[in-house]
Structure formats: structure tokens, C-alpha cells
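Peer 1: Next one to model:
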Amino acid sequence: MPGVTHDEAPLLGDLMPWSVAPLRPGRGWPMGPDAATLRARWAAFVRADPAERERLFSPSRSRTLHTAVAQLPGHQGATVPLAAASGACPDPVRVLHGPFDEQWLIPDHRLIDTARPELWRVAGEGQLFLVEQGYVTGSTGPAVLASAVLPDGRSPAGRPGRIRPLFRRPGGLEPNVAPGLLDHLSSALGQDVGAGDLAAWTLAVAEASPGGCRVPLTSDAGIWARGTELGRRVLALQARGDGTRPKLPGGRRPYVRAPLPARPAEVSYDPEEEALCVDAGRISPVPREAWDFEVSGVRVIELWFERRTAAGEAGSLEAIRPAEWPQTWTSELLELITVLALLAELRPLHTELATSLTTSADPGISTDALHQAGVLPVPDTARRPASVLDHHEEGPGGQFALL
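Peer 2: So this is what the prediction gives:
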């Protein structure tokens, strides 16, 4: 009997039942590719007179200069209305802004329309986020991406996915996994299976579909071992929480061959020279597979570059940006090229694994099998966040929040 077909494979939403919708910032200026720019924007905001401050802020139905909100969990931001805000900018934090694009965000709840506090409560050491990408017909990019920093969940194609923390509590406690699933997999495979193993397997085999991301499961220990090993290699490239920098072998590492201009406007690719052209600047060698790497039908490198060169509307806070292309951006671009090239090299292994799953004598573990085992359907409580408040959180106007 062949393995589980695509339609029989369980949905990721059933295997990791608690998910959170993407953040809705409401305004662009509190996020950017460098922290210094965010501090400059904040300084311009608090210097402004009341009328100018309101214009710069860009009010929405959810946030105005007078909206009272609680602190973001884990951050000591002020809770007085923004009309009275003063002082230094809250220290920006790293976030993942769509695929492979780590940016900075001012962690101030007053600035963000829908910040998803439940995510901030469980972020930090020991946490991993899987971000389900929006489905795009014909796209060959990954269906799920991993991040060690808090992701905003934005899809480059504008189609919202879901953010799935691997753990329901801070510090890597209480796996966000269907109750009984890890025990069922451990029994079927004859080995202990943990939440990290399931995450690695998901990164190796997840398949996008109009009805949601599906994750074929196997009871073949050999196939499982190949999949989790591949998934850990993917994870090491996508979520570099330990600060390691990936490297291509000598002779294949990308270098700046011609300096990037102070104010680049266009990026293109020269396939004959394997060069990334940033106006007159050149970086090579850049494998064609890195340049063509897509997520949700959008080229990752082009989107990354576009976000750093788009000029904000004149007179807006988003128009405050570096006067010249920072050297740190060049370093980040070289690292992005390296990551995409190394991920592209793993594609044949993904293909081989998918073939093994569909041709193996192992019948796999279907959605029906999980129902028969009592793993599915998951209880409603598993789809809701856990109660994790073990310390006071300041609410509006300095009052303590009650959860």
C-alpha cells in the first residue's frame, strides 16, 4: 500500500493547534531595517507640537494619540497616552518582517494596532515560531518558515498565514502539539519523539494547499530519521537564534566586487557572471537559485532590497531613513544570499523525501488514523493560549493588567 496521499495528510493546524493571526501594525514608521532610524523617527515624533504629532502618528480606529493600552508583555514601555509621550525611544527589538527579513520594531503597544500580546508573552529563549505562508497557486517556495525571533506573520503576496509557537508557555514549556500526538508518534516509530522533532519534520515535508498546510506523517523510522535530519538543517539556516553565520565553501562565497552606491535604486541579476547588480555595485558569485528563491510567489532578494530603498512619503516619519546605504545592510545581504543558496541546495533532498513518503510500503499516518487513535479532534482548549501570567503587567495609566 502506498504512503499517505496529500489529501489524507493531517493539517498543520491540527498537529500544532494553537495559532495566532499576523500582527497588524497600522502604520509603518515604528518598524525598519535599522534601529538608529527608529530612534530618529521617535525623536521627531516627540519633538512635534500637538497638531503635527497627530499628523505624524497616522491615527487609526484602533490607535490615536489618546488611546490607553497596556504594556507589551516583557517590555517596560510607558502607558500614558502618546499625546503626553516624551523622553528616549524604547529600545527597538528584532522581529521577522516576512520571509528572511529581520528588521527592528519599537516595542510600544501604543504604536501598534494589533500587537498580539499572547505571542509576546511566550517569546524569548527556548521558543521557536513556525510561520505558515499564504498559499499561492504555482509557487515553489516553502510552505512553512521558522523564526527564533517574534515574527509579524506577513506574507509577501499579501495573503495571511498563521503564526504557530512551538511552546504554549515561556521558557520552552508545554508543547503546542495536539494532546497525545507525540506519544502516538513515539509508539509508531519505536523512539522518543519531542516537539523539536515534530518541528524539524514539518520544515522538511510541509506542503501548501488551498485548504491549509498539510504535513504527511510516517511510521517508518528510517524515513522519519532522514526527514528530521533534513529539517534540522533547514532550521539552522532559517532560525539562527544562536548567532551563527552560515558560510558557503571557499570559492563559492559571495563578495562585493564593486562597491555598492550610497543611494542604490535598482537590483538585477547577471546570469552569465552570476552577479547581483546593485546599480553599478556588484556582488558575486551569486547562484541563480539564490536569486530565484521565492516565497509565496515573490523573489526574496528583490523584496528585501525594495524594503530598504523605498522612499517614504515626503514629510512623513517613514521618510526618515539612512542618508546612505549602511555597511551593515551589505553584510546582511551577503548573509541572505548565503542562506538562500544553501536552502536551494537542499531541494533535491526535499524531493527525495517526498517521493519516499508517496512510494513507501509504509501506509503512513493519515488524518483518519489520528481520529481512530483519539488524537483528533483536538480539544478546544488546545486551540486557545495558555494562561501564562506569572508576573504583573502594567495596564493603561499604570494600572496592573489582570488576565
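
Peer 1: switch to C-alpha atoms for all contacts and neighbour counts from now on
Peer 2: Will do.

Peer 1: For the most centrally placed residue in the chain, which residues are in contact?
Peer 2: With distances taken as C-alpha atoms, centre = their mean, the residue of the chain nearest its centroid is Pro151 (4.0 Å). Pro151 sits next to 95-98, 129, 131, 163 when contact means C-alpha atoms under 8 Å, 6 or more residues apart in numbering.

Peer 1: Please apply the same query to Glu318.
Peer 2: Contacts of Glu318 (C-alpha under 8 Å, 6+ apart): 28-29, 41, 311-312.

Peer 1: In the stretch 1-150 of the chain, where is pLDDT below threshold?
Peer 2: The model of the stretch 1-150 of the chain has pLDDT under 70 over residues 1-4.

Peer 1: if you set the cut-off to 50 instead, what comes out?
Peer 2: For the stretch 1-150 of the chain, the stretches flagged by pLDDT under 50 are 1.

Peer 1: Run through the strands of it in chain order.
Peer 2: In the stretch 1-150 of the chain, the segments counted as strands under DSSP state E, counting those that start in this stretch are 31-32, 93-96, 102-105, 129-132, 144-147.

Peer 1: re earlier: top of the contacts of Glu318 by number of neighbours, please.
Peer 2: For the contacts of Glu318, the largest neighbour count, defined by other C-alpha atoms under 10 Å, is 24 neighbours, found at Trp29.

Peer 1: Skipping adjacent residues, who's closest to that one in space?
Peer 2: Distance criterion C-alpha to C-alpha, 6 or more residues apart in numbering; nearest residue to Trp29, sequence neighbours excluded, is Glu318 at 4.9 Å.

Peer 1: what about Asp108, distance to Pro81?
Peer 2: The gap separating Asp108 from Pro81 is 11 Å, by C-alpha to C-alpha, to the nearest Å.

Peer 1: And these two? Which one has more around it.
Peer 2: Asp108 (22 against 16).

Peer 1: Not counting its neighbours along the chain, what's nearest that one?
Peer 2: Leaving aside its sequence neighbours, Asp108 sits nearest to Gly77 (C-alpha to C-alpha, 6+ apart; 5.8 Å).

Peer 1: Contact partners for that neighbour?
Peer 2: Going by C-alpha under 8 Å, 6+ apart, Gly77 touches 71, 90, 107-109.

Peer 1: If we use 10 Å, what do you get?
Peer 2: 70-71, 89-91, 106-110, 394 (C-alpha atoms under 10 Å, 6 or more residues apart in numbering).

Peer 1: just the buried members of those residues?
Peer 2: Buried members of these, scored by 16 or more other C-alpha atoms under 10 Å, are 70-71, 89-91, 106-110, 394.

Peer 1: JSON lines for these, including distance to Thr355?
Peer 2: Output for those, formatted as JSON lines (distance: C-alpha to C-alpha, whole Å):
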{"residue": "Ala70", "distance to Thr355": "50"}
{"residue": "Gln71", "distance to Thr355": "49"}
{"residue": "Cys89", "distance to Thr355": "52"}
{"residue": "Pro90", "distance to Thr355": "50"}
{"residue": "Asp91", "distance to Thr355": "48"}
{"residue": "Ile106", "distance to Thr355": "45"}
{"residue": "Pro107", "distance to Thr355": "44"}
{"residue": "Asp108", "distance to Thr355": "47"}
{"residue": "His109", "distance to Thr355": "47"}
{"residue": "Arg110", "distance to Thr355": "49"}
{"residue": "Glu394", "distance to Thr355": "53"}
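
Peer 1: ok, of the residues you listed, which one's closest to Thr338?
Peer 2: Set against Thr338, the nearest of those by C-alpha to C-alpha is Ile106 (28.4 Å).

Peer 1: which non-adjacent residue is nearest that closest one?
Peer 2: Spatially, and ignoring its direct neighbours in sequence, Ile106 is nearest to Pro92 (4.5 Å; C-alpha to C-alpha, 6+ apart).

Peer 1: ok, now Leu260?
Peer 2: Using C-alpha to C-alpha, 6+ apart and skipping residues adjacent in sequence, the residue nearest Leu260 is Gly281, 4.2 Å away.

Peer 1: so the one you found bridges to which residues?
Peer 2: Beta-bridge partners of Gly281, counted by DSSP bridges, are Val278.

Peer 1: Kindly state the pLDDT recorded for it?
Peer 2: pLDDT recorded at Gly281 is 97.

Peer 1: Pretty sure it sits against Trp325.
Peer 2: No. Contact between Gly281 and Trp325 fails when scored by C-alpha atoms under 10 Å: they sit 11.8 Å apart.

Peer 1: Need the residues touching each of the two.
Peer 2: Contact criterion C-alpha under 10 Å, 6+ apart; residues bridging Gly281 and Trp325 by contacting each: 260-262, 264.

Peer 1: Show me which positions of stretch 266-279 end up buried.
Peer 2: The neighbour-count check on stretch 266-279 (16+ other C-alpha under 10 Å) flags 267, 269, 274-278 as buried.
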